[in-house]
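Student: sequence and predicted structure are below.
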Amino acid sequence: MSRTLSFRGQLDIGVQERISLHTNTGQTGYQITKFQIMSSQPGAASVEYVAQIFKTEDVDNVSATPDFSNNRLLGVVYYQDEGNASRAQTTVIFDNEIFNQDVFINITDAAGATIRCNYYIEMKQIDLALDESTVATLKDIRNSD
């Protein structure tokens with residue numbers, strides 16, 4: 001049986017936040033189904049946000065340059081707001097990834113703005129068999145570099 005969990009919040013630019021998902025047994029898996037962001041001041045300033053969700057923490061490398069070859073990356077959103085002129089949002093979610101540990105979200109601004117950014121994430125919660133939880137945990141351990 002699966003159910004949907006949602007997480008929302010607001011981050012300062014360049015800050016990374018932990019989303020706590022781990023359990024004692026590791027037999028609960030998660031899969032990202034929706035990832036959206038929005039400026040805390042929509043239409044008021046020009047921003048170019050890049051939000052990323054990772055399997056492991058890496059506060060030293062919070063970057064506005066997504067690297068799809070990074071196997072720790074779970075999802076990316078690019079959000080552009082040119083004041084009151086136009087808005088665009090592009091989302092990429094690697095939805096085949098199932099994980100059972102905490103994840104980390106960060107938001108940067110490629111244009112250099114410092115306006116806080118809102119985020120919204122939906123995840124499908126999945127019951128994992130023992131062998132599936134072992135595989136998910138081992139993948140997370142290997143990704144910790």
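Tutor: Ah, there it is.

Student: what segments of this structure are helices?
Tutor: 130-142 (DSSP state H).

Student: low pLDDT regions in it?
Tutor: The chain contains residues with pLDDT under 70 at 1-2, 59-60, 84-86, 133-145.

Student: go again with 80.
Tutor: Across the chain, the ranges flagged by pLDDT under 80 are 1-2, 24-26, 58-61, 83-87, 95, 129-145.

Student: need the residue closest to the centroid of it.
Tutor: Against the mean C-alpha coordinate of the chain, by Cα atoms, centre = their mean, the closest residue is I53 at 2.4 Å.

Student: please report how far R3 lies from Q27.
Tutor: From R3 across to Q27, the span is 15 Å (Cβ to Cβ, to the nearest Å). No exception for glycine: its C-beta is placed from N, CA and C like everyone else's.

Student: comparing those two, which shows the higher neighbour count?
Tutor: Legend: neighbour count by other Cβ atoms under 10 Å for R3 and Q27, higher for Q27 (17 against 9).

Student: correct me if wrong: the more buried one contacts L130.
Tutor: Yes: Q27 is within contact range of L130, at 7.0 Å (criterion: Cβ atoms under 8 Å).

Student: any buried residues in stretch 56-74, and which?
Tutor: Buried residues in stretch 56-74, counting neighbours by 16 or more other Cβ atoms under 10 Å, are found at D58, V62, A64, P66, R72, L73, L74.

Student: so how far is that stretch off the chain centroid?
Tutor: Averaging C-alpha positions (Cα atoms, centre = their mean, to the nearest Å) puts stretch 56-74 10 Å from its chain's average.

Student: what residues does it touch?
Tutor: The contact list for stretch 56-74 (Cβ atoms under 8 Å, 6 or more residues apart in numbering) reads 14-16, 18, 32, 48, 50, 52-55, 76, 78, 92-94, 97, 99, 103-104, 106, 108-110, 140, 143-145.

Student: can you do 7 Å?
Tutor: Stretch 56-74 has contacts (Cβ atoms under 7 Å, 6 or more residues apart in numbering) with 14, 16, 18, 32, 50, 52-55, 76, 94, 97, 103-104, 106, 108-110, 143-144.
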